[in-house]
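**Student:** Model the following, please.
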Amino acid sequence: MSVLPAETPRSYDEAAIKRLLTVLFVGVLMSALDIAIVGPALPALGEAFHVDERQLALTFMAFTLFNLLSNPVMARLSDAWGRRRVYVADVIVFAAGSLFVAAAPTFPLLIVGRAVQGLGAGGIFPVASATIGDVLPIERRGRALGLIGAVFGIAFLIGPVAAGLILHVASWRWLFAINLPLAAIVAIAAWRILPDARRADRAPFDVAGVAVLGLVLIALGWSVYRLELAQPVAAGSAWLTAAGFLVALLAATVLVVIERRAPSPVLRVDLLAVPAVAVVMSLAIGAGLAEAAIVFVPQLLVQVFAVSKSQAAYMLLPIVVAMAIGAPVAGRWVDRYGTRPIVLGGCALLALGMGLAALVGSPSAERVLATMVPFLGARSRDLGHFYFGATLVGLGLATLLGGPLRYIILGAASKGDRAAAQGMLTLFTGAGQLLGGAFVGASIGSHGGDLAGYRIAFGAIALLVVAMIAFAWTLPRRQAERAALR
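**Tutor:** Okay, the predicted model is just below:
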């Protein structure tokens, strides 16, 4: 196979760099918003298509799965075909998926549209990051990458507000149709502004690794999605679920063999032999599980507080505001105290917050609150209970999804492996999101949408996060961590 020569990007003056970063920022924000708005959209989707909570979980799972698999594929295609072509193609694919979802006459076709959206969105962020590496000087890349990375936090901050406003005045279909004019502007601007640089020294693409990784995620996600947690399971269904887990286990074993031999593996399994890296990946899965649970909170709020779908979207604000405030604070405290106490504190806050979420609307919690704050009405007590727990969840996620885990990776992995380790962190967080969506949907669906399903799901995640504290306790102390970074 012939290797294309590298194309040197044209020089960019300060104004051109600002335009470039604006286009990249808006493109990433557009794709990230479709993760943030799906939660507020779920009650409306369930009502429109007459599907239960288990089926609604597919709207999140399909997007997450194809987003994960698209990430390494699109990054490598941009090396071969050029940043501009692949970035614009990703935006167009994302727009096509948005149109498909907005116009979907049936729920299965909506799921297909969500998968197409995930396929396009999965390439927008890595190609944007690679473009920054091509164009900006070394001393400015960190700041620019931080700006692009912060888009996801911004999306979770404005997503519920935007969803609430749209649901208040229009159909849920406009949550996705609104992407079309924005995608058209981004695609046209990107074609004019982005360089078409390609790498001459690109490594062979790990096709087998991506394919088997996809099989692992599909089999595992499908098996968790099929779990019955409330009633006896038919023998045939139980065997199918068990077979899914077995396929996932066998595929994971094959994946390890493939990735150990691949010249440019999509998953650096050798890095998992580093204790701190293994701990961080475990924490990332747990954080992804908890983040996925937030997607189902608007449905819980509609049921417990009898609020409208738009009001339920607004009620997510304590979580996202806490994340927006907590992330920079956690970053500053890492410099002062090290990552270990910050991560331990984040796990404790997240576990307590998820535990409180599991008790929203329960008679036992109401009795305790009535004793503690008898001067408030029942509804005010329940709302205070939810908002307090939601704030704790946001602060905990700000720690586990923000800088501390990435800071640990910088010290645990060698300089040559740091980029691969950071990519693995994204992969493991996404895998946690996929499994979290499947598990919460299965729990709620097993209980017929009753509050018991929410309580079991959120309570189980709270217990998992408590177990994560034991893993976090093994992280390096501040002195060892700083020595590793030198």
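
**Student:** only C-alpha atoms for contact and neighbour calcs from this point on.
**Tutor:** Noted.

**Student:** Identify the residues contacting the strand or helix carrying residue 208?
**Tutor:** In this structure, residue 208 sits in helix 207-225 according to DSSP states H and E. Outside of helix 207-225, the residues that reach it under the criterion C-alpha atoms under 8 Å, 6 or more residues apart in numbering are 54, 65, 69, 241-242, 244-245, 247-249, 251-252, 254-255, 258-259, 265-267, 431, 434-435, 438-439, 441-442.

**Student:** From these, list just the buried residues.
**Tutor:** When the contacts of helix 207-225 are checked for burial by 16 or more other C-alpha atoms under 10 Å, the buried set is 54, 65, 69, 241-242, 244-245, 247-248, 251-252, 255, 258-259, 265-267, 431, 434-435, 438-439, 441-442.

**Student:** For the stretch 301-450 of the chain, which segments count as helices?
**Tutor:** For the stretch 301-450 of the chain, the helices defined by DSSP state H, counting those that start in this stretch occupy 309-314, 317-337, 339-358, 363-372, 378-401, 403-412, 418-446.

**Student:** Okay, now the unreliable bits of the stretch 301-450 of the chain?
**Tutor:** Residue ranges of the stretch 301-450 of the chain with pLDDT under 70: 402, 415-419.

**Student:** again, only this time at 80
**Tutor:** Across the stretch 301-450 of the chain, the ranges flagged by pLDDT under 80 are 324, 327-328, 330-332, 334-338, 361, 364-379, 401-404, 406-407, 409-423, 426.

**Student:** now, which of the contacts of helix 207-225 lie within helices?
**Tutor:** Members of the contacts of helix 207-225 lying in helices (criterion: DSSP state H): 54, 65, 69, 241-242, 244-245, 247-249, 251-252, 254-255, 258-259, 431, 434-435, 438-439, 441-442.

**Student:** how close does residue 41 sit to residue 295?
**Tutor:** Computed with C-alpha to C-alpha, to the nearest Å, the distance linking residue 41 and residue 295 is 9 Å.

**Student:** and these two? which has more neighbours close in?
**Tutor:** Applying other C-alpha atoms under 10 Å to residue 41 and residue 295 shows that residue 41 carries more neighbours, namely 29 against 23.

**Student:** so who does that one touch?
**Tutor:** Applying C-alpha under 8 Å, 6+ apart to residue 41 gives the contacts 163, 172, 175, 309.

**Student:** and if we set it to 7 Å?
**Tutor:** Counting by C-alpha atoms under 7 Å, 6 or more residues apart in numbering, residue 41 makes contact with residue 172.

**Student:** again, but for residue 399
**Tutor:** 327, 330, 343, 346.

**Student:** hmm, who's touching stretch 170-181?
**Tutor:** Residues from elsewhere that reach stretch 170-181, judged by C-alpha under 7 Å, 6+ apart: 41, 44, 95, 98, 99, 101, 102, 163, 166.

**Student:** related to what we said a few turns ago, looking at the contacts of residue 399, spot the one nearest residue 460.
**Tutor:** Of all the contacts of residue 399, residue 346 has the smallest distance to residue 460: 17.4 Å, by C-alpha to C-alpha.

**Student:** Can you give me the distance of the residue nearest to the closest one when sequence neighbours are not counted to residue 437?
**Tutor:** Nearest residue to residue 346, sequence neighbours excluded (C-alpha to C-alpha, 6 or more residues apart in numbering): residue 396, at 4.2 Å. According to C-alpha to C-alpha, residue 396 and residue 437 sit 19 Å apart.

**Student:** does the nearest residue to residue 104 once chain neighbours are set aside sit in a helix, a strand or a coil?
**Tutor:** Counting by C-alpha to C-alpha, 6+ apart, residue 104 lies nearest to residue 110, which is 5.2 Å off, once chain neighbours are set aside. Classification of residue 110 using DSSP: H, G, I helix; E, B strand; the rest coil returns helix.

**Student:** residues touching residue 110, list them.
**Tutor:** Residue 110 touches 100, 101, 104, counting by C-alpha under 7 Å, 6+ apart.

**Student:** which element is the first one on?
**Tutor:** If you go by DSSP H and E, residue 100 is part of helix 83-103.

**Student:** Report the rounded mean pLDDT for that helix.
**Tutor:** For helix 83-103, mean pLDDT rounds to 92.

**Student:** what does stretch 120-136 give?
**Tutor:** Per-residue pLDDT over stretch 120-136 has a mean of 81.

**Student:** re earlier: and the gap between the residue nearest to residue 104 and residue 429?
**Tutor:** Using C-alpha to C-alpha, one gets 25 Å for the distance from residue 110 to residue 429.

**Student:** Next: residue 440.
**Tutor:** Distance of residue 440 to residue 429, computed by C-alpha to C-alpha: 16 Å.

**Student:** Compare neighbour counts for these two and give me the winner.
**Tutor:** For residue 440 versus residue 429, the count of surrounding residues by other C-alpha under 10 Å is larger for residue 440: 31 against 23.

**Student:** didn't the more buried one look like it was pressed against residue 457?
**Tutor:** Yes: using C-alpha atoms under 7 Å, residue 440 makes contact with residue 457 at a distance of 5.3 Å.

**Student:** Kindly provide the distance from residue 297 to residue 42.
**Tutor:** 10 Å.

**Student:** quick check, nearest of the contacts of residue 399 to residue 413?
**Tutor:** Taking these together and measuring to residue 413 by C-alpha to C-alpha, the closest member is residue 343, at 18.3 Å.

**Student:** what sits against the nearest residue to residue 65 once chain neighbours are set aside?
**Tutor:** Excluding its sequence neighbours, the residue lying closest to residue 65 (C-alpha to C-alpha, 6+ apart) is residue 434, at 6.6 Å. By C-alpha under 7 Å, 6+ apart, the contact set of residue 434 is 61, 64, 65, 221.

**Student:** That's all I had, so thanks and see you.
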